[in-house]
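Asker: Predicted structure and sequence below. I'll ask about it afterward.
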Number of protein chains: 2
Amino acid sequence: MLRIKYEQMYSEFFRVLLKVGFSQERAELCARLFAETSRDGVYTHGLNRFPRFIENIRNGNVEIHAIPEKISSFGAIERWDGNSGPGNLNAYSCMNRAIELAHENGMGCVSIRNTNHWMRAGTYGWQAAEEGCIGICWTNTMPNMPPWGTKESKLGNNPIVFAVPRKEGHIVLDMAMTMFSYGKIESYSMHSKPLPVDGGFDIDGNLTRDPKAILESGRSLPIGFWKGSGFSLMLDLIATILSGGNSTYLIGKNGGERNISQTFIAIDLAKLPEQNSIYRSVNETIEDLHSAEPVEEDGKIYYPGERTLLTRKENLEKGIPVEQYFWEQVLKL
Amino acid sequence: MLRIKYEQMYSEFFRVLLKVGFSQERAELCARLFAETSRDGVYTHGLNRFPRFIENIRNGNVEIHAIPEKISSFGAIERWDGNSGPGNLNAYSCMNRAIELAHENGMGCVSIRNTNHWMRAGTYGWQAAEEGCIGICWTNTMPNMPPWGTKESKLGNNPIVFAVPRKEGHIVLDMAMTMFSYGKIESYSMHSKPLPVDGGFDIDGNLTRDPKAILESGRSLPIGFWKGSGFSLMLDLIATILSGGNSTYLIGKNGGERNISQTFIAIDLAKLPEQNSIYRSVNETIEDLHSAEPVEEDGKIYYPGERTLLTRKENLEKGIPVEQYFWEQVLKL
């Protein structure tokens, strides 16, 4: 496995972004967000996604100079328009604004319409936690999941993030509404391996772990069956209403995942007292989780985000593992 | 099936609540919340739960005269103490306060510690929607779900509610982090029926639909396996931190589901423009959902809360179906 130093990966991204026309400052942030994503082990949305991001700039889907614009606001809530700018820069800017609002009002909620794919969802949770805030954010997506009881993809997999800041390591959950992303199902299919649990339906409507059967039917499985189906709809509607933007339905009608809607919430913990006793309680809860008797002998139980920190440490020490194919693609850009 | 008129059920609850010492005003609200829960078809948390609620008053777990007390606040966020008052009155009061904060600040977030079981979670979502607000709220619970990969119940099933107001019928999702509540698993077990999908593990660690096997192992299944497990932890930690109250871990240590923590968020939609075009978009999305090709011939697809409204209408017309056993228990109180 080829490993590339974080700084080298960052520099390559930065070089390409300058070349396609980004300003120095925006290229720095964009390169950092991509490099940190691979550094943290989410390779699909870091290096591996970078060539497609550049392609979306070249084909005009992403406007590199577009800056989000405030449309309306009231107190702690704001609505912005992303003007089809880079999804990660737009999202970073929105969470940043939500954090500012939280510093002023205890909490803030910023929603954005007409934005693009934000790459790794978790990025904006880590961002909030670094600023001492609870962060909650989600995005809608193309239709890629059938509502429970139906055969047609009408809902998005709408990833949501919850982040809790903590000195000993932030606790960050980043999850989509499908059991497995299409990317993951394709990867299992390519390696002819069954999914670890049911991930969708075959063409006859039976639950299955067979990735090929799910790709054939196009019927991926919502988490918790009817529950994830409803959850996806709620996230879509709330982001749509707060941003005044497109729902998954309209994104699907327009073809291609563009002009999507997102919501970012931050809550500033420094505004509430009793932090010491509260964090004692949080840490006791984490210790209790770690102490749970594992199913597998020698099994180790992790809190959300714990393995991210282990991967981050390892990748900073040894370099970030890359698939040669993607790395060479970037070098050629 | 015996059916009881809404007014009659309400009157019986009201009578009993006065008898155990509630003030007239608080008895009215408490009786209404219980009666509306059964009216809306959530029988387990309405009539059927009422005798246990009274028992919890008589054994001192619920202090009927306790009023929630503000502990601290900053802008749009507030922390309250429930003082072991009736869980439904405390929760109603918190969502009410979150709505007031939303009227002032666009959004509000109220968290409460040392409160009791709020009965039907959805109640507080409907409450927010009736006031034109998006409502999001959740509670922590006793440990009743093993973290993914473990055998020990260390997490709660922590129900969460999302509500979106809409003229044609509010959209309200009310879901717990387990596939099925213990109440539901017990009910399937009593009728010797298999669960519709896997609901937990048997004693050997195999996924199963057999309710008896799950009751034996005590290992209920989180929605989305590792995802629901992480989601439950995040909800627990956020409610704990914001309220300064107990996490599921401490609730379990204290024995009995008391002194729990909850969070209530409201966002006032009237503070944002473009309501007409936004609701056109919401309604198109709902129409699109309704139009999805069903798996079952003649299958009908519902949005979250749609069947609640149908049940409500039917129960108001024909009376609320009751199990004789529970109805007679209440009559005897």
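Answerer: Happy to help now that I have it. Quick caveat: nothing in here was measured; it's all calculated off a predicted structure.

Asker: For the rest of this, base every contact and every neighbour count on C-alpha atoms.
Answerer: Will do.

Asker: Touching stretch A:270-286 from outside, list them.
Answerer: Taking CA atoms under 8 Å, 6 or more residues apart in numbering or on different chains as the criterion, the residues outside stretch A:270-286 that touch it are A:103, A:106, A:132, A:166, A:303, B:72-74, B:237, B:240-242, B:244-250.

Asker: Averaged pLDDT, it. What do you get?
Answerer: Stretch A:270-286 shows a mean pLDDT of 95.

Asker: got it, and stretch A:307-315?
Answerer: If you average the pLDDT values across stretch A:307-315, you get 98.

Asker: Name the residues of that stretch that are buried.
Answerer: When neighbours are counted by 16 or more other CA atoms under 10 Å in any protein chain shown, the buried residues of stretch A:307-315 are found to be A:Thr308, A:Leu309, A:Thr311, A:Arg312, A:Asn315.

Asker: Repeat that for stretch A:320-333.
Answerer: When neighbours are counted by 16+ other CA under 10 Å, the buried residues of stretch A:320-333 are found to be A:Ile320, A:Pro321, A:Val322, A:Trp327, A:Val330.

Asker: Likewise for stretch A:220-240?
Answerer: In terms of neighbour count (16+ other CA under 10 Å), stretch A:220-240 has its buried residues at A:220-240.

Asker: Those residues of the stretch 51-200 of chain A touching chain B, which are they?
Answerer: Applying the criterion CA under 8 Å from any CA of the partner chain, the portion of the stretch 51-200 of chain A that neighbours chain B consists of A:72-77, A:104-107, A:134, A:147, A:149-152, A:154, A:162-164, A:171, A:173, A:175, A:179.

Asker: In helices, which of the buried residues of stretch A:320-333 appear?
Answerer: With helices defined by DSSP state H, the entries of these inside them are A:Trp327, A:Val330.

Asker: Present the buried residues of stretch A:320-333 as TSV; the columns should include distance to chain B and pLDDT.
Answerer: Formatted as TSV, the entries for those read as follows, by distance: CA to the nearest CA, whole Å; pLDDT from 0 to 100:
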residue	distance to chain B	pLDDT
A:Ile320	26	98
A:Pro321	25	98
A:Val322	26	97
A:Trp327	31	98
A:Val330	33	98
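
Asker: Give me the residues contacting the lowest-mean-pLDDT helix or strand in chain A.
Answerer: Using mean pLDDT, DSSP states H and E, helix A:182-190 stands out as the lowest-scoring helix or strand of chain A, at a mean of 90. The contact list for helix A:182-190 (CA under 8 Å, 6+ apart) reads A:Pro194, A:Leu195, A:Asp210, A:Pro211, A:Lys212, A:Ile214, A:Leu215.

Asker: For the fifth one, list the residues it contacts.
Answerer: Under the criterion of CA under 8 Å, 6+ apart, the neighbours of A:Lys212 are A:Ile185, A:Glu186, A:Ser189.

Asker: and the first one, how many neighbours does it have?
Answerer: When neighbours are counted by other CA atoms under 10 Å in any protein chain shown, A:Ile185 registers 23.

Asker: and what of the last one?
Answerer: One way to gauge burial is a neighbour count; for A:Ser189, by other CA under 10 Å, it gives 18.

Asker: Go through the buried residues of stretch A:220-240 and flag which are in strands.
Answerer: Filtering the buried residues of stretch A:220-240 for membership in strands, criterion DSSP state E, returns an empty set.

Asker: Narrow the residues you listed to those in helices?
Answerer: Secondary structure defined by DSSP H assigns A:226-240 of the buried residues of stretch A:220-240 to helices.

Asker: about what we covered before: in a markdown table: the buried residues of stretch A:320-333, plus distance to B:Ala121.
Answerer: Putting those into a markdown table (distance: CA to CA, whole Å) gives the following:
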| residue | distance to B:Ala121 |
| --- | --- |
| A:Ile320 | 45 |
| A:Pro321 | 45 |
| A:Val322 | 46 |
| A:Trp327 | 49 |
| A:Val330 | 50 |
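
Asker: which one of the buried residues of stretch A:320-333 is nearest A:Arg52?
Answerer: For A:Arg52, the nearest member of the buried residues of stretch A:320-333 is A:Val330. The distance, counting by CA to CA, is 10.2 Å.

Asker: just to revisit the earlier point, separate out the buried members of the residues of the stretch 51-200 of chain A next to chain B.
Answerer: A:73-77, A:104-107, A:134, A:147, A:149-152, A:154, A:162-164, A:171, A:173, A:175, A:179.

Asker: Can you tell me which of these end up in strands?
Answerer: Counting by DSSP E, these place A:Ser73, A:Phe74, A:Ile77, A:Met107, A:Ile134, A:Phe162, A:Ala163, A:Val164, A:Ile171, A:Leu173, A:Met175 in strands.

Asker: For the last one, name its beta-bridge partners.
Answerer: In this structure, A:Met175 has beta-bridge partners A:Ile160, where bridges are defined by DSSP bridges.

Asker: And what about the residue most central in space within chain A, helix, strand or coil?
Answerer: When chain A is reduced to its mean C-alpha position, the closest residue under CA atoms, centre = their mean turns out to be A:Ala121, at 1.4 Å. Under DSSP: H, G, I helix; E, B strand; the rest coil, the three-state class of A:Ala121 is coil.

Asker: quick revisit: closest one of the buried residues of stretch A:307-315 to chain B?
Answerer: When those are compared for distance to chain B (CA to the nearest CA), A:Thr308 comes out closest, at 14.0 Å.

Asker: For the closest one, which non-adjacent residue is closest in space?
Answerer: Closest residue to A:Thr308 apart from its sequence neighbours, by CA to CA, 6 or more residues apart in numbering or on different chains: A:Asp40 at 5.5 Å.

Asker: pretty sure the one you found is in contact with A:Leu309, am I right?
Answerer: Yes: with contact defined as CA atoms under 8 Å, A:Asp40 counts as touching A:Leu309 (7.1 Å).

Asker: and for those two, which residues touch both?
Answerer: In contact with both A:Asp40 and A:Leu309: no residue, using CA under 8 Å, 6+ apart.

Asker: Okay, and A:Lys70 sits in which element?
Answerer: Using DSSP states H and E, A:Lys70 sits within strand A:69-74.

Asker: tell me how far that strand is from the chain's mean position?
Answerer: Going by CA atoms, centre = their mean, to the nearest Å, the spacing between the C-alpha centre of strand A:69-74 and its chain's C-alpha centre is 24 Å.
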